[in-house]
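A.B. asks: Quick check, what structure comes out for this input:
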Amino acid sequence: MGKIGHRFCFPMILWAVIFSGTLTHEVWPIDEKGYESISMDQFVEMMDHKDFILINVHIPYEGEIPETDLLIPYNAIDQYKNELPDDKDSKIVVYCMTGRMGDIAAEKLVSMGYTGVIHFQGGMKAWKKAGRPLRFRPE
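C.D. replies: This next block holds a predicted model:
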């Protein structure tokens, strides 16, 4: 290849390398956080055939989505190891009121070695907005 060929080829290769990561990311999103975030529609679909542990991590307690399995404060997940599944591949869905506490809890679960962590990002606020009731445990 002559000098002109190399001058044309190098920028084309550079362009391909730079933009291939961008295009691949849009087509096949890779979650860098180590857990998946789901929408209200995805959560409702999952609840139709519940095969996961559902954890409310919101503090203070302001109710819960029906079929919640555990109430664990978002900032104390590691202190409740004995209530979490021994199988680190178990599917675990966390939620809070709107999302911030759920993100923190999901990150902590991933750091503890759990690989099936899912965050319902809309939380109780989205659940209520969709006209679905919260459940309240007796005090």
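
A.B. asks: Next, count neighbours for Thr51.
C.D. replies: Careful, residue 51 is Asp and not Thr. 7 (other Cβ atoms under 10 Å). Where C-beta positions appear, they are placed from N, C-alpha and C, glycine not excepted.

A.B. asks: surely it meets Val93?
C.D. replies: No. With contact defined as Cβ atoms under 8 Å, Asp51 and Val93 do not form a contacting pair (10.2 Å).

A.B. asks: got a list of what Gly102 touches?
C.D. replies: Val57, His58, Tyr74, Val94, Tyr95, Cys96, His119, Phe120, Gln121, Gly123 (Cβ atoms under 8 Å, 6 or more residues apart in numbering).

A.B. asks: Could you find the closest non-adjacent residue to it?
C.D. replies: Cys96 (4.4 Å; Cβ to Cβ, 6 or more residues apart in numbering).

A.B. asks: now the helices for this structure?
C.D. replies: 3-27, 40-48, 100-111, 123-129 (DSSP state H).

A.B. asks: Tell me which residues touch the residue nearest to Gly102, please.
C.D. replies: Cys96 makes contacts with Asn56, Val57, His58, Tyr74, Gly102, Ala105, Gly123, Met124, as judged by Cβ under 8 Å, 6+ apart.

A.B. asks: How much space separates Glu139 from Tyr61?
C.D. replies: If you measure Glu139 against Tyr61 using Cβ to Cβ, to the nearest Å, the figure is 9 Å.
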